[in-house]
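>>> here is my input, please return the structure:
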Amino acid sequence: MMQSTLDRLFFPFKKSSRILPPAQFVLLNLVLEIGHFLVLLNAGAYLPMLPNVAGKIGNGLAYAVWGQTDYFTAMGAAFLVTRDLMRRFGPKVVTISAYLLFATASLMAALATDHLFLYTALRVTQGLAAGISIIPSFFLLLEYYRIKQQKIALALWGFAVFIPYSLGPVIGGWFAYVLGDFRLLFITSFFVAIFVAGTLWALLADWDDESDHAHSLIRPVISFLLFFGAALALQQVFNIGLLSDLVNRLRELWQYACIASLLGWLFWVVNSGNNNPLVRLSLFRHTNYGLGMLLLNLGFMGLQGATVQYIIRFQVVEGFTPWHVGLLYLPIFVFSKPFSVIAQRLLHRGLDPRILASLSFAIVAICFYWIAEYNRPATWESMLWPQLWLGMAMGLFFVSMTAISIAYVPKQDQMHAVDLLNTIRNLCAGLAITFSDIAWDWMFAYEQNRATSPDTTTMQVYTAEFQSAPMVHTLHEHIMLNIARLTFNDLFYSLSMLFATLTCLIWLTQHTPKISGKKLDFTMLETLGEEP
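Residues are numbered from 1 along each chain as shown. This next block holds a predicted model:
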């Protein structure tokens, strides 16, 4: 009786479901979306919690950042091996296993915050599980939709892709400040991941998972481990650079640089000798792919670096709480996905994607210049406006750059091309965090030297501004705060110039042909191309 009532209630969804009864079909959609939301949330929600994490682990902010950079590195590398795992075990087994691994790593991370290297290793495991879960979850969702209704699945899936930049910071701030303990994010992630894995197992227990047990994983896994090891070692070089500005701790830097070079060379040898390589280097022979990937990653690194510095520096410089600085990024959610959908429709009607990409870069350049021009401390409400425009720019950015990059790639290679784009972009996301932190230190040192140099005019300005300060210590604090604000402006001025340059460089790519064949297939590639 209960089942028949639910079926009548969810009868409108019967037109979309290919196999499952309507109620179970709705539950499947809900669970897969929750899982997708969860793994992306752990990428974005961690940022506003970094000062809290640093206080808990007791090693400083530079060490706390490692958990974020390595998460992105692991998540990006996982894209390369996921399709081989799906072929061997099927999407259902891979998806459920990934969420179980994510749950285990989340719970252990909540308990290991007093041990830096164990905690960082668990964040790496989280990122690996997150990356493995995304593609099979997506194809599981499509599998249960009728062909004509798969555009609904693509639309639903695409709503979660901007979580790291919009909802992630505010939810992370809520855990860290309102609830008062950032570890609650990991505990919540454990229960949610267990719920997702258990529900998928119950719903799909009778479904025969398509798998090829004859498919060997030996070569793909060896190639992946070499690639993953090289990527982690390279990331570690810059993680250590966070502690030393890349000028001290040379012994450790050289050790990890040598490890990265050795593993990278071994990967090149193994990958080149494989008939089905983990990375198809032949993709870079196609027009636009190499240049498109370069410009995509430069732009993404600029966005990622700006996001990290904005969230961290408004806390440690201006004294914002994690909750309030997270709310500053919430307006991005308003325009990001709607403009992504608009961009897809315009591209399908034949609009040159270089126009959208150039517009996106130009909007970001203007917004960063706008942010750098604020006379801080500015009102909290006034700082919301640039985020609305940034959301619009991000909605245009991913779709247009994906279209430019894969335009001349043969259809049979396009899925792998998108996977490689996502891999390199996530690796660059981790590097962007460390690059932006190192750039901050360099700019801060420059402003500090300029402010404290034996310049009579400079010292007269500071003396006049702080002559009412009752103590030398207070005067020093005011000067350092002013230096930090000037550094913030310098950083965003530099990023503004980067995006102004990208606005012009995008026209070096060739004009892309009008989309041919099934628009649904291209929309699927664009949707996957938006994954963090």
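
>>> and the gap between R83 and T509?
27 Å (C-beta to C-beta, to the nearest Å). The way it works is simple: take the backbone N, C-alpha and C, and place the C-beta from them, glycine included.

>>> neighbour count for the two, which is higher?
Comparing R83 with T509 by other C-beta atoms under 10 Å, the one with more neighbours is T509, at 22 against 19.

>>> apart from its chain neighbours, what residue comes closest to the more buried one?
Once flanking residues are discounted, T509 sits nearest to N288: 5.0 Å by C-beta to C-beta, 6 or more residues apart in numbering.

>>> can you name the residues that contact that neighbour?
Neighbour list for N288: I404, S405, A407, Y408, T509, Q510, T512 [criterion: C-beta atoms under 8 Å, 6 or more residues apart in numbering].

>>> closest to R88 out of these?
For these, the minimum distance to R88 (C-beta to C-beta) is 28.3 Å, reached by S405.

>>> state the distance from the closest one to V364.
The gap separating S405 from V364 is 18 Å, by C-beta to C-beta.

>>> ok, Y145 next?
Y145 sits 35 Å away from V364, going by C-beta to C-beta.

>>> quick one: which of those two has more around it?
Ranked by neighbour count (other C-beta under 10 Å), Y145 and V364 place V364 first, with 29 against 20.

>>> that one and M497, how far apart?
11 Å.

>>> and stretch 396-410, average pLDDT?
Averaging pLDDT along stretch 396-410 yields 87.

>>> ditto for stretch 86-94
88.

>>> what's the first-to-last distance across it?
6 Å (C-alpha to C-alpha, to the nearest Å).

>>> which positions within it qualify as buried?
For stretch 86-94, burial by neighbour count (16 or more other C-beta atoms under 10 Å) applies to M86, R87, R88, F89, G90, P91, K92, V93, V94.

>>> do I have it right that the third one meets I218?
No - in this structure R88 lies outside contact range of I218 using C-beta atoms under 8 Å: 10.8 Å.

>>> quick check: neighbours shared by these two?
When contacts are counted by C-beta under 8 Å, 6+ apart, R88 and I218 have no shared neighbour.

>>> domain parsing for this protein?
Residue ranges for the domains of the chain, per automatic domain parsing: 19-206, 216-279, 300-532.

>>> now, of those domains, which is deepest in the fold?
Sort these by mean neighbour count, taking mean count of other C-beta atoms under 10 Å, and domain 19-206 sits at the top with a mean of 21.

>>> now the helices for the stretch 1-150 of the chain?
2-9, 22-44, 50-57, 61-64, 66-89, 91-111, 116-143, 150-158 (DSSP state H, counting those that start in this stretch).

>>> can I get the ones you listed in TSV including distance to H324?
Formatted as TSV, the helices of the stretch 1-150 of the chain follow (distance: least, C-beta to C-beta, whole Å):
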stretch	distance to H324
helix 2-9	41
helix 22-44	16
helix 50-57	13
helix 61-64	19
helix 66-89	20
helix 91-111	24
helix 116-143	25
helix 150-158	29
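
>>> looking at these, which is nearest to W370?
helix 22-44 (22.6 Å).

>>> so which of the domains of the chain gets nearest L294?
So among the domains of the chain, domain 300-532 is nearest, using C-beta to C-beta, at 9.0 Å.

>>> okay, now the unreliable bits of the stretch 301-450 of the chain?
375-380 (pLDDT under 70).

>>> try it again with 50
Judged against pLDDT under 50, the stretch 301-450 of the chain has no low-scoring part.

>>> for the chain, which helix extends over the most residues?
Under DSSP state H, the helix in the chain containing the largest number of residues is helix 414-452.

>>> could you check the angle that helix makes with helix 22-44?
30 degrees (axes from the mean of the first three to the mean of the last three C-alpha atoms, to 10 degrees).

>>> who does helix 414-452 touch, helix- and strand-wise?
Packing partners of helix 414-452 (3 or more C-beta pairs under 8 Å, 6 or more residues apart in numbering; DSSP states H and E): helix 66-89, helix 218-244, helix 289-316, helix 385-406, helix 456-465, helix 472-505, helix 519-529.

>>> in a markdown table: those helices, plus distance to F37.
Below are those laid out as a markdown table (distance: least, C-beta to C-beta, whole Å):
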| stretch | distance to F37 |
| --- | --- |
| helix 66-89 | 15 |
| helix 218-244 | 25 |
| helix 289-316 | 19 |
| helix 385-406 | 18 |
| helix 456-465 | 48 |
| helix 472-505 | 29 |
| helix 519-529 | 15 |
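
>>> who touches L167 in this structure?
Per C-beta under 8 Å, 6+ apart, neighbours of L167: L41, G44, L330, F333.

>>> before we move on, back to that, any chance of the domains of the chain in CSV, with distance to M293 too?
Shown next, in CSV, are these (distance: least, C-beta to C-beta, whole Å):
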stretch, distance to M293
domain 19-206, 13
domain 216-279, 12
domain 300-532, 6
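
>>> show me what contacts N489?
With C-beta under 8 Å, 6+ apart, N489 has these contacts: A372, E373.

>>> let's go with 6 Å and repeat that
Listed by C-beta atoms under 6 Å, 6 or more residues apart in numbering, the contact set of N489 reads A372.

>>> for the nearest residue to S382 once chain neighbours are set aside, helix, strand, or coil?
Excluding the flanking residues, the one nearest S382 by C-beta to C-beta, 6+ apart is Y374, at 7.5 Å. For Y374, the assignment made with DSSP: H, G, I helix; E, B strand; the rest coil gives coil.

>>> from L107, how far out is Y374?
According to C-beta to C-beta, Y374 stands 41 Å off from L107.

>>> closest to W440 out of the contacts of N288?
S405 (30.0 Å).

>>> thinking the closest one is in contact with G292, fair?
Yes - under the criterion of C-beta atoms under 6 Å, S405 makes contact with G292 at 3.3 Å.

>>> what residues does stretch 113-123 touch?
With C-beta under 6 Å, 6+ apart as the test, stretch 113-123 has contacts from K56, I57, N59, Y63, W66, G67, D70, Y71, A105, M108, A109, A112.

>>> so which of these sits lowest on pLDDT?
Ranked by pLDDT, the contacts of stretch 113-123 bottom out at N59 (73).

>>> in three-state terms, label L330 for me.
L330 is classified as coil under three-state DSSP.

>>> residues contacting it?
V170 are the contacts of L330 under C-beta under 6 Å, 6+ apart.
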